[in-house]
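Undergrad: I would like to see how this sequence folds:
(one chain, ligands or ions: 2)
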Amino acid sequence: MKITEVRLGKISVPLRVPFKTALRSVDSVEDVVVEIHTDTGHTGYGEAPPTGAITGDTTGAIIGAIQDHIAKSIIGMDVDDFEDVLQKVQKCVVKNSSAKAAVDIALWDLYGQLYKIPVYKLMGGARKNIVTDITISVNDPETMAADAINAIQRGYDCLKIKVGVNPKLDIDRLAAVRKAVGDDVCIRIDANTAWEPKEAVRILNGMQEKGLQIELVEQPVKAHDLEGLKYVTENSYVPVLADESVFSPEDAVKIMQMRAADLVNIKLMKCGGLYNALKIVSAAEVYGVECMLGCMLEAKISVNAAVELACAKKIITKIDLDGPVLCSEDPIIGGAVFNEKNITVSDEPGLGIKGIEPGKIQYL
Ligand SMILES: C[C@H](N)C(=O)N[C@@H](CCC(=O)O)C(=O)O
Ligand SMILES: [Mg+2]
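TA: Numbers count the residues shown, from 1 in each chain. Ligands and ions are numbered 1, 2, ... in the order given. As a prediction, the model looks like this:
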């Protein structure tokens, strides 16, 4: 199965409501789609969003990295030389983790098709069903309480609440949400790097002293501030999950060795795809650190790949794969079934993606 062409396109999917975090505010998912074609007539699908505020990757940079470096390096290679092709993707250009992830995902899709096995079974095959949380954007406390009730009415029982814009409001935000949804709903929060370490401890312990039952906090402090992250981990009542601080497997090992966080959030767009995500999973298994499988604002091709990984590995105990359910439509045919919080992985070979709705992709 030789790679003959790497074709790129763009999709744009409106969100149900604007997505607002401490780092950015957007109204739509804008993704680069990758199709890898082979001499056997197979197509592998991949996808990457331009999450510049987190990864530094813009649409133009994703396209440029794939066209100028990655595609040139892998065209002509045989998918059956899988390790060689995957390593070529990682090594042919530095950084550019989203571009690498998009191509890596398409290659796993092809490798699964080659051996007629779903990707989650290739990687471990732990389970077929997972349950995701849903994200509530940061707003004023009343709006967030209303959005939380709406999410509960849609059937979600775990909410990921964004905080960190005007931190003075954060305890009031969580108090309003907890009051609105009651005690049985799981609430996790994500500060997206917004707080200083001492401020984080004050806010988090203030929340727990009010009985708000926060399950975990994601990335309370700046990405590079590992000492600050460790300070929060050691001094707050709320377990800490590292997100923006963990891109590569090396980052994950460092955080685990320092005990700078209690958990890590694996995202394919940060680590460059499934090849490196599996290394983070192995490190987590060795250190006994549970993982979240998360996503950026992405449509279903790349989130589908994350579903495959989450269904393969039991050390992944927290799921934040709500990209597709935040969208107002799903232009992707095939793959995992997203029925609100319940996600069922596809049993088709590879990723099970059949294509993109006609007219929804703009080829380059
Ligand atoms: C979409 C997901 N629930 C999420 O919040 N992901 C990121 C932010 C993604 C983005 O800005 O596109 C996170 O910080 O966990
Ligand atoms: Mg996060």
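Undergrad: Please identify the residues of this structure in proximity to ligand 1?
TA: Residues of the chain lying near ligand 1 by CB under 6 Å from any ligand atom: 21, 24, 51, 54, 135, 160, 190, 192, 218, 243, 294-297, 320, 322-323. C-beta: built from backbone N, CA, C; applies to glycine.
Undergrad: From those residues, keep the buried residues only.
TA: 21, 51, 54, 135, 160, 190, 192, 218, 243, 294-297, 320, 322-323 (16 or more other CB atoms under 10 Å).
Undergrad: Among those, which ones are in strands?
TA: Under the assignment DSSP state E, these contribute 135, 160, 190, 218, 294, 320 to strands.
Undergrad: out of those residues, which touch ligand 2?
TA: Among these, proximity to ligand 2 is found for 190, 218 (CB under 5 Å from the ion).
Undergrad: Serialize the ones in strands among the buried ones among the residues of the chain next to ligand 1 to JSON lines and add fields for pLDDT.
TA: Output for those, formatted as JSON lines (pLDDT from 0 to 100):
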{"residue": "135", "pLDDT": "98"}
{"residue": "160", "pLDDT": "98"}
{"residue": "190", "pLDDT": "98"}
{"residue": "218", "pLDDT": "98"}
{"residue": "294", "pLDDT": "98"}
{"residue": "320", "pLDDT": "99"}
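Undergrad: now, which of the ones in strands among the buried ones among the residues of the chain next to ligand 1 sits nearest residue 247?
TA: Taking CB to CB as the measure, residue 247 lies nearest residue 294 of these, at 12.5 Å.
Undergrad: Any idea what the closest one is bridged to?
TA: Beta-bridge pairing for residue 294 (DSSP bridges): residue 320.
Undergrad: is it true that it touches residue 269?
TA: No - with contact defined as CB atoms under 8 Å, residue 294 does not reach residue 269; the gap is 9.3 Å.
Undergrad: Would you quantify the distance from residue 284 to ligand 2?
TA: Distance of residue 284 to ligand 2, computed by CB to the ion, to the nearest Å: 17 Å.
Undergrad: SS state for that residue?
TA: Per DSSP: H, G, I helix; E, B strand; the rest coil, the local secondary structure of residue 284 is helix.
Undergrad: if I look at the one residue in the stretch 201-350 of the chain that gets nearest to ligand 2, how far off is residue 43?
TA: The stretch 201-350 of the chain approaches ligand 2 most closely through residue 243 (3.7 Å), counting by CB to the ion. Noted for residue 243: a distance of 32 Å to residue 43, by CB to CB, to the nearest Å.
Undergrad: so residue 247 makes contact with residue 269?
TA: No - with contact defined as CB under 8 Å, residue 247 does not count as touching residue 269 (9.3 Å).
Undergrad: and for the two, which residues touch both?
TA: 55, 97 (CB atoms under 8 Å, 6 or more residues apart in numbering).
Undergrad: More neighbours: these two, which one.
TA: Neighbour totals were compared for residue 247 and residue 269, and residue 269 leads with 28 against 21 (other CB atoms under 10 Å).
Undergrad: which residues does that one contact?
TA: By CB under 8 Å, 6+ apart, the neighbours of residue 269 are 48-49, 51, 54-55, 57, 97-98, 101, 295-296, 298, 302.
Undergrad: again with residue 73
TA: 88, 89, 92.
Undergrad: secondary structure class for it?
TA: helix.
Undergrad: quick one: it from ligand 1, how far?
TA: Distance, residue 73 to ligand 1, by CB to the nearest ligand atom, to the nearest Å: 28 Å.
Undergrad: pLDDT wise, what is that residue at?
TA: pLDDT recorded at residue 73 is 98.
Undergrad: partner residues bridging the residue of the stretch 51-200 of the chain found nearest ligand 2?
TA: Minimum separation of the stretch 51-200 of the chain from ligand 2 (CB to the ion) falls at residue 190, amounting to 4.4 Å. When assigned by DSSP bridges, residue 190 has beta-bridge partners residue 162, residue 218.
Undergrad: which of the residues in the longest helix anywhere in the chain are buried?
TA: When the chain is scanned for its longest helix (criterion: DSSP state H), the result is helix 97-114. The neighbour-count check on helix 97-114 (16+ other CB under 10 Å) flags 97-114 as buried.
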